[in-house]
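Enquirer: Provided below for reference: sequence and predicted model.
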Amino acid sequence: MSENTARTLIRDARILGGAPQDVLIEGGTVARIGGALEAGSDARVVEADGLVLLPGLVDLHTHLREPGREDSETVLTGTRAAAAGGFTAVHAMANTFPVADTAGVVEQVWRLGRESGYCDVQPVGAVTVGLGGRQLAELGAMHDSAAGVVVFSDDGKCVDDAVIMRRALEYVKAFDGVIAQHAQEPRLTEGAQMNEGAVSAELGLGGWPAVAEEAIIARDVLLAAHVGSRVHICHLSTAGSVELVRWAKSKGWQVTAEVTPHHLLLTDELVRSYDPVFKVNPPLRTEEDVLALREALADGTIDCVATDHAPHPHEDKDCEWGAAAMGMVGLETALSVVQHTMVETGLLDWAGVADRMSFRPAAIGRLAGHGRPVEVGEPANLTLLDPAYRGEVDPAAFASRSRNTPYRGRELPGRVTHTFLRGRATLMDGKLV
Amino acid sequence: MKRHLISAADLSRDDALLVLDTAEELARVADRPIKKLPTLRGRTVVNLFFEDSTRTRISFEAAAKRLSADVINFSAKGSSVSKGESLKDTALTLEAMGADAVVIRHHDSGAPHRLATSGWIGGCVVNAGDGTHEHPTQALLDALTLRRRLVGGRDRGLGADLAGRRITIVGDILHSRVARSNVRLLTTLGAEVTVVGPPTLLPVGVERWPCAVDYDLDAVLAKSDAVMMLRVQRERMNDAFFPTEREYARRYGLHGARMARMPEHAVVMHPGPMNRGMEITAEVADSPRCTAVEQVSGGVSVRMAVLYLLLGGSEPAVGTRTTEENSQA
Amino acid sequence: MDDMSNPAPARSVLEAPDIARALTRIAHEIVERAKGADDVVLLGIPTRGVFLARRLAANLREITGHPLPVGSLDITMYRDDLRLRPARALARTEIPGDGIDGRLVILVDDVLFSGRTIRAALDALGDIGRPRAVQLAVLVDRGHRELPIRADYVGKNIPTSLRETVRVLLQEEDGRDGVLLGVREHAPAAER
């Protein structure tokens, strides 16, 4: 460990894709940046020729499954997966067993994160007791706990009662909290199995209309405007949702939004295989939606990429579509998918990636010490990426306990080679430390 | 290579004609003193039914037995499956028993597809109805009935397709696997298909189907060679798909006066079981123009043909090769 | 059927007049042996056996002055080599109206080879009825029997090697009559 916490010199790294420079890490912070820095004999040297240096990635939307579903993921395995994917902080969603709706549960998750040492874990608190949608959870107590919860979400379920949503939005203003809404009108999605459209009509799977997402977003941005609160929209998946968020932002309302990597790449055509690895909530949409989401992420309408990393045990996917669980793992492929869909298409440069995957999510979560610029004096939360790499996704190589990736065998660009959490390497040469 | 019959889309025009023509030949076996052929002796066909459907199960069972296959009926109700055993574990059990074909009826759309592509079993998979997806053998037997009635002749339409025939499918298209399979198959066979129903019971995306869509039954009756009435479950009313049974029957039910507006040669089809008074009146159901009973009798022949063509040779005869090769045998 | 894609030039062993003569002779033999052919039912084995059966029926009518029942018997579902090849389309089985019970059934085929087709035909007959007796008429007997089966009426015996193919052409199916002897490319697989 002592070696790992010592000085590290990163040579010839392209900071945010710029010209090669040396970066010296010392005592957990960025000590010097410049050309041909002298490391000193005790420093570890990382040759980063051709590699892109990014601020450590921040995920606003991760399911770590602990407590309760340790068969699919634990805080330890999930944070190892995060480090392997270049993340230095993740927000752990509240839909655990028990639900993270009390100070006790969020502190437990927060502590487990600290003990793992691979990645900071910022718990998300439930909005309502047991995600039941009827009674507010003790939002203040969770904020005041050691976990310092800022983001609240019933993710997996929608806060569909307009009054409860309004109260939650108002209540968290007291401590600058934010409600992250899983926008899904429940009545419109009863029995829903996939995006409602031409493909669902053919496959005979229950349709999940875009309007079920858009109706809730429309309501919630209006509510947020009315009470002057912050609202964050989880995993936007439709072109219509993009339009609503764009409109709300044009009004100057405090609305932020995220998109998952898989909604930037995959479409409902894949459901034709009936392979439940493509079953996810919200569902994969159409090509038109995918293109609208990319454009919105590029122009800033969508603030950030969030993985919605949702591990499931093998048996929950090795079954018929209707019986399968919804969700995909995403931490270890997120940056590759963003490179493929946003960078290689010319929609974002690496500075843009740093903004959408580190600066902005950290700002939304009010996360101190993360999402900081790569500058002298800043915490050394850093990620090195080899953008020239090309390789097939091999789930067997995942650090996550689960393998439910939709990208098995697919060639994706880019590979995270190093991750530093406050100067300590959690990933070295592609291997977890 | 298609070793399975999951969707009517698995069948090219020539495949479909091969099944229908084979079914016509096999239908004649029913007239013999010994209604059995030795063709599938030593082969095991499992009827794996996760949903109750005595009619379909019996039809497949009769088909397999007439071909001398060993038949195992596996009803998921009251078995380990209802106690939480997964489709996969059931499939592995069937594989261990040496099932050469699995005929599966399942409440989930896509379950047969999954069974066929997951690697759980090595045998052929025949979809006997999955969720609201497809029911390809029903479409094949409907096509057989249509061909006999609309093409007919001494050979009951042998070798002919349904080019130019206008078929109207009426009712709960949204939830109907029969409709999905029929739209695909009848279109493949050259028919012009129109689906008719209240807009609530037509799926979003239906405009991409290879058929016309209409909300007005009376507008299409006069130009239909056949009208296929789908069963409409009364419970749909509770989900507000339509206001009342009475209103449904008035707007989309087939009664004597409506039938009178159909061309003289046109037939009325129903996959059964019928909701008399709902989508069809007794007068229409019992008229000689209604083919419901013929459809059932064609079912055994069609299923014999499917089992024979999938299992009878070293490899399936449908969906695998060109027609030219098929006809070489 | 024998291999169609035969590269070596096929040699004609029977021409149209030979076939016509053979069928006339067989018709006379049938009348002679069946004592007037009163209870004869001719069943051709598809494809070419059916046409030969119809020709024989026409010849017999000329000789006896009355029509006699002719039909077809598809043996596909009774073959013992079904699993060696892809499942194949079925041909028509057409049993004349009065059936075959108590009748003399004469099976008609183009080429007699291994005898397996005839075994299958006998099995198929058993499922249809109980003839008084069953006889076999073939245009060509090329030898190489694999079962204890022989023909009662033979148009022509043509000794062949297993490498050779015998191809019967009939006006109704092929546009002309003839029997061709060729050499197959691949290892022989006795089909008939």
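Expert: Okay, I see it.
Enquirer: residue contacts, C:Ala87?
Expert: In this structure, C:Ala87 makes contact with B:Tyr308, B:Leu309, B:Leu310, B:Leu311, B:Gly312, B:Gly313, B:Glu315, B:Pro316, B:Ala317, judged by CB atoms under 8 Å, 6 or more residues apart in numbering or on different chains. C-beta: built from backbone N, CA, C; applies to glycine.
Enquirer: likewise A:Leu347?
Expert: By CB under 8 Å, 6+ apart, the residues touching A:Leu347 are A:Arg294, A:Glu295, A:Leu297, A:Ala298, A:Thr341.
Enquirer: The second one: what's it in contact with?
Expert: Right, A:Glu295. A:Glu295 sits in contact with A:Val242, A:Leu347, where contact means CB under 8 Å, 6+ apart.
Enquirer: helix or strand for it, which one?
Expert: Element membership for A:Glu295, per DSSP states H and E: helix A:287-299.
Enquirer: and the residue most central in space within chain C, what pLDDT?
Expert: Chain C has C:Asp109 as the residue nearest its centroid, 0.3 Å off, counting by CA atoms, centre = their mean. In this model, C:Asp109 is scored at 97, pLDDT.
Enquirer: name the element it belongs to?
Expert: strand C:104-112.
Enquirer: So is the helix or strand following that strand next to chain B?
Expert: Remark: after strand C:104-112, the chain's next helix or strand is helix C:116-128, criterion DSSP H and E. Yes: under the criterion of CB under 8 Å from any CB of the partner chain, chain B is reached by helix C:116-128 at C:Asp123, C:Asp127, C:Ile128.
Enquirer: Would you map the helices across chain C?
Expert: C:16-33, C:48-64, C:116-128, C:171-174 (DSSP state H).
Enquirer: what about the longest helix in chain B?
Expert: Ranking each helix of chain B by length (DSSP H) puts helix B:292-311 first.
Enquirer: The closest residue to A:Thr419 other than its chain neighbours: what secondary structure?
Expert: Of all residues not flanking A:Thr419 in the chain, A:Leu427 sits nearest, at 3.9 Å (CB to CB, 6 or more residues apart in numbering or on different chains). Counting by DSSP: H, G, I helix; E, B strand; the rest coil, the backbone at A:Leu427 sits in strand.
Enquirer: and residue 54, how many residues sit next to it?
Expert: In the absence of a named chain, this looks at chain A. 27 (other CB atoms under 10 Å in any protein chain shown).
Enquirer: Let me rephrase: I mean chain C.
Expert: 17.
Enquirer: Hmm, it is touching C:Arg48, no?
Expert: No: counting by CB atoms under 8 Å, C:Arg54 does not reach C:Arg48; the two are 10.7 Å apart.
Enquirer: Is the residue positioned nearest the centre of chain B in a helix, a strand, or coil?
Expert: Centroid-nearest residue in chain B: B:Gln138, 1.2 Å away (criterion: CA atoms, centre = their mean). When classified by three-state DSSP, B:Gln138 comes out as helix.
Enquirer: From B:Val102, how far out is it?
Expert: 18 Å (CB to CB, to the nearest Å).
Enquirer: Sketch out the low-pLDDT regions of chain A for me.
Expert: By pLDDT under 70, the weakly predicted segments of chain A are A:1-5.
Enquirer: need the residues of chain C near chain B, please.
Expert: C:1, C:74, C:76-78, C:82-93, C:123, C:127-129.
Enquirer: Domain ranges for the chain, per the record?
Expert: Answering for chain A, as no chain was given. Following automatic domain parsing, one gets these domains for chain A: A:2-52+A:377-389+A:410-432, A:56-364.
Enquirer: oops, I was thinking of chain B
Expert: Using automatic domain parsing, chain B is parsed into the domains B:8-134+B:298-328, B:136-294.
Enquirer: and those as a markdown table, adding mean pLDDT?
Expert: Below are these laid out as a markdown table (pLDDT from 0 to 100):
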| stretch | mean pLDDT |
| --- | --- |
| domain B:8-134+B:298-328 | 87 |
| domain B:136-294 | 95 |
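Enquirer: Relative to A:Glu214, which of those domains is closest?
Expert: Counting by CB to CB, A:Glu214 lies closest to domain B:136-294 out of the domains of chain B; the figure is 14.5 Å.
Enquirer: and that closest one, anywhere near chain C?
Expert: No: Domain B:136-294 does not reach chain C (CB under 8 Å from any CB); its nearest approach is 8.5 Å.
Enquirer: again, but for stretch B:308-316
Expert: Yes: using CB under 8 Å from any CB, stretch B:308-316 reaches chain C at B:Tyr308, B:Leu309, B:Leu310, B:Leu311, B:Gly312, B:Gly313, B:Ser314, B:Glu315, B:Pro316.
Enquirer: Dump the helix holding A:Glu295 to PDB, restricted to CA.
Expert: Included here for helix A:287-299 are C-alpha records, laid out as PDB according to Å, rounded to 0.1, in the frame of the first residue of the first chain:
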ATOM      1  CA  GLU A 287     -33.100   4.700 -33.700                       C
ATOM      2  CA  GLU A 288     -34.800   8.100 -33.900                       C
ATOM      3  CA  ASP A 289     -34.700   8.300 -30.100                       C
ATOM      4  CA  VAL A 290     -31.100   7.200 -29.900                       C
ATOM      5  CA  LEU A 291     -30.100  10.000 -32.300                       C
ATOM      6  CA  ALA A 292     -32.100  12.600 -30.400                       C
ATOM      7  CA  LEU A 293     -30.500  11.500 -27.100                       C
ATOM      8  CA  ARG A 294     -27.000  11.800 -28.600                       C
ATOM      9  CA  GLU A 295     -27.700  15.200 -29.900                       C
ATOM     10  CA  ALA A 296     -29.100  16.300 -26.600                       C
ATOM     11  CA  LEU A 297     -26.100  15.000 -24.700                       C
ATOM     12  CA  ALA A 298     -23.900  16.900 -27.100                       C
ATOM     13  CA  ASP A 299     -25.700  20.200 -26.800                       C
END
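Enquirer: what separates that helix from the chain centre, distance-wise?
Expert: The chain centroid and the centroid of helix A:287-299 are separated by 17 Å under CA atoms, centre = their mean, to the nearest Å.
Enquirer: sorry, back to before: out of the residues of stretch B:308-316 next to chain C, who's nearest A:Ala36?
Expert: Lowest distance from A:Ala36 to the residues of stretch B:308-316 next to chain C (CB to CB) belongs to B:Glu315, with 68.3 Å.
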